[in-house]
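1. Predicted model and sequence follow; I will ask about them next.
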Amino acid sequence: MVGDRKRIWGWYFFDWASQPYNTLLLTFVFGPYFAEIARGYYMGAGLDEEAAKAAAQAYWGWGLAIASLIIAVLAPVLGAIADGTGRRLVWVWAFSACYVIGAAGLWWVAPGGEAGMLFWAVLLFGLGFVGMEFATIFTNALMPSLTQSDDLGAISGTGFAFGYLGGLVALIVMLLFFAEGADTGLTLLGIPPLFGLDTEAREGTRFVGPFTALWYVVFMIPFFLWVKEPRTERRPLHLERALASLGDLIRSLRYRRSLTAYLLSSLFYRDALNALYGFGGIYASGVLGWSITQIGIFGIVGVVTAMIVAFIGGRADRAYGPKPVIVASILVLILVCIVIVGMTRESLWGLALDPASSLPDAIFFGCGALIGAAGGSLQAASRTMMARHTTPDRATEAFGLYALSGKVTSFLAPALIALVTMISGSQRIGIAPLIVLFLIGLFLLSFVRPRGEMKA
């Protein structure tokens, strides 16, 4: 029993170690910083400020779309190979290297660069992003072997809560000691960045890349020490056999109505959620004019609510099942998107706001809290629902298919945001496609059995 508890805690530490890639790089620090330097580049190239903001958001969107497409194509194949050989941890090691290299390389993304700097920024970010997503597939696949099926919801929710706590701690450390304000050159503590980092070159903010890489390296130690492969026969790699097994799984979907409906549903709503994470900080920077520090504080609010509600949602999942948790979370996120699309500093869906007041900021802070709360519980419950549709011996293959459903159109939301932003010339209107994606996911969820493929 002690060994099982230790293995579960080791599994939790992957969430703790990897969450800063989402929290620090994707959403609250590097993403907005990229928007700043890209906006500066496009304004220097002759675009007016609004057009430059839209161009920066579109560039980021196409980068995320390409990385997501790579994940969509390779995830189920790698899952089938891992299940075919009976080995998963070796893949976690391999993709952890991609995570660390990609994150650490962001140190060289300096302001005032040429177009090539934007390209390398997105390329390095994409490398680490792909590494994180693939490593997540193989760690998620270990979940069905951790405990009895009825406890999966609580374990999944606790894992996400622990991960969000790690992201919160990392974000606070980054804001207090490293990320400088563009105007003041000081951190949230009112001091220059540690280690004598050059504020003119934005080295404090750029340190987010190496910091995220180092965080991952240190906190993956408990995972690799305590999490061992389930005792299965080690088999040589037979690529054709692995691909045939994947083909059999895909063909079986026509007879597995609940799993098919769930994969299609999650395809849309997880795509929309990931886009909210990916563009939230960029939206705050461009539409509301927030600094990196303000966006970081916004991130703290979102991560705190995500941590708390993911834990509570895990308990609700264990009591009522994952489906009601997923439905409630999607409804909250639709409401948030409606608010975001209709808000500027001057108005909210036609209702005048004082642009000099703090009310627009307070509304968006509220949106951030709701995104964190609903997003945390949605991800945890979604992982549980997938576990209810698979078995331990085919879990990697199934979670590879789950990743495929989350990524096969995950280029769709960023691409739609990029396209609508380019056509409308408005960052705000560019968020509108997410409402449609959430609604499609909610409709398809109605065909999913609450207990999945578990026996009643």
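-> Sure thing, it's come through. Residues are numbered from 1 along each chain as shown.

2. So which residues of the stretch 301-450 of the chain form strands?
-> 347-348, 351-352 (DSSP state E, counting those that start in this stretch).

3. mean pLDDT for these: which is lowest?
-> For those, mean pLDDT drops lowest on strand 347-348, to a mean of 78.

4. what's that strand packed up against?
-> Taking 3 or more Cβ pairs under 8 Å, 6 or more residues apart in numbering; DSSP states H and E as the contact definition, strand 347-348 has no neighbouring helices or strands. All C-beta spots, glycine's among them, are computed from the backbone N, C-alpha and C.

5. again, only using 10 Å
-> Here strand 347-348 touches helix 359-387, going by 3 or more Cβ pairs under 10 Å, 6 or more residues apart in numbering; DSSP states H and E.

6. The helix it packs on: which residues count as buried?
-> Across helix 359-387, burial judged by 16 or more other Cβ atoms under 10 Å covers 360-361, 363-365, 367-387.

7. what's the distance between that helix and the middle of its chain?
-> Centroid separation for helix 359-387 versus its chain: 12 Å, with Cα atoms, centre = their mean, to the nearest Å.

8. Pick the most buried one from the strands of the stretch 301-450 of the chain.
-> Most buried of the strands of the stretch 301-450 of the chain, by mean neighbour count (mean count of other Cβ atoms under 10 Å): strand 347-348, with a mean of 14.

9. How confident was the prediction at the nearest residue to residue 385 once chain neighbours are set aside?
-> Distance criterion Cβ to Cβ, 6 or more residues apart in numbering; nearest residue to residue 385, sequence neighbours excluded, is residue 322 at 4.3 Å. With respect to pLDDT, residue 322 has a value of 86.

10. can you tell me which residues contact residue 322?
-> Taking Cβ atoms under 10 Å, 6 or more residues apart in numbering, we find residue 322 in contact with 152-153, 156-157, 262, 313-314, 316, 377-378, 380-388, 448, 450-452.

11. measure it to residue 384 for me?
-> Separation of residue 322 from residue 384 (Cβ to Cβ, to the nearest Å): 4 Å.

12. Correct me if wrong: residue 173 contacts residue 212.
-> No: contact between residue 173 and residue 212 fails when scored by Cβ atoms under 10 Å: they sit 11.0 Å apart.

13. For these two, work out which one has more neighbours and name it.
-> residue 212 (31 against 15; other Cβ atoms under 10 Å).

14. next one: phi and psi at that one?
-> Per-residue torsions, residue 212: phi -60, psi -40 (degrees, to the nearest 10).

15. which residues touch it?
-> With Cβ under 10 Å, 6+ apart, residue 212 has these contacts: 17-25, 29-30, 99-100, 102-104, 106, 128, 132, 170, 174.

16. Residue 428 contacts residue 348, doesn't it?
-> No: counting by Cβ under 10 Å, residue 428 does not reach residue 348; the two are 11.2 Å apart.

17. shared neighbours, those two?
-> residue 342.

18. residue contacts, residue 188?
-> By Cβ under 10 Å, 6+ apart, the contact set of residue 188 is 172, 174-181, 292-294, 296-297, 300.

19. switch the cut-off to 6 Å
-> By Cβ atoms under 6 Å, 6 or more residues apart in numbering, the contact set of residue 188 is 175-176, 293.

20. Assign a three-state SS to it, would you?
-> coil (DSSP: H, G, I helix; E, B strand; the rest coil).

21. If I look at it, what pLDDT would I see?
-> 86.

22. Identify the residue nearest it in space, chain neighbours excluded?
-> Nearest non-adjacent residue to residue 188 (Cβ to Cβ, 6+ apart): residue 175, at 4.4 Å.

23. Residue 40 too?
-> Nearest residue to residue 40, sequence neighbours excluded (Cβ to Cβ, 6+ apart): residue 111, at 6.5 Å.

24. And for residue 300?
-> Residue 300's closest residue in space is residue 171 (Cβ to Cβ, 6+ apart), at 6.0 Å.

25. Mind pulling the model confidence for that neighbour?
-> The score at residue 171 is 90. That number is its pLDDT.

26. tilt between the one helix or strand it maps to and helix 359-387?
-> Using DSSP states H and E, the element containing residue 171 is helix 152-177. With axes from the mean of the first three to the mean of the last three Cα atoms, to 10 degrees applied, the angle from helix 152-177 to helix 359-387 works out at 140 degrees.

27. Just the buried ones from the contacts of residue 212?
-> Neighbour-count burial (16+ other Cβ under 10 Å) applied to these gives 17-25, 29-30, 99-100, 102-104, 106, 128, 132, 170, 174.

28. Which ones among those map onto helices?
-> Using DSSP state H, 17-20, 30, 99-100, 102-104, 128, 132, 170, 174 are the members of those that sit in helices.

29. Make a markdown table out of those and add distance to residue 341.
-> Formatted as a markdown table, those follow (distance: Cβ to Cβ, whole Å):
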| residue | distance to residue 341 |
| --- | --- |
| 17 | 35 |
| 18 | 31 |
| 19 | 28 |
| 20 | 29 |
| 30 | 25 |
| 99 | 33 |
| 100 | 37 |
| 102 | 32 |
| 103 | 32 |
| 104 | 36 |
| 128 | 30 |
| 132 | 29 |
| 170 | 30 |
| 174 | 30 |
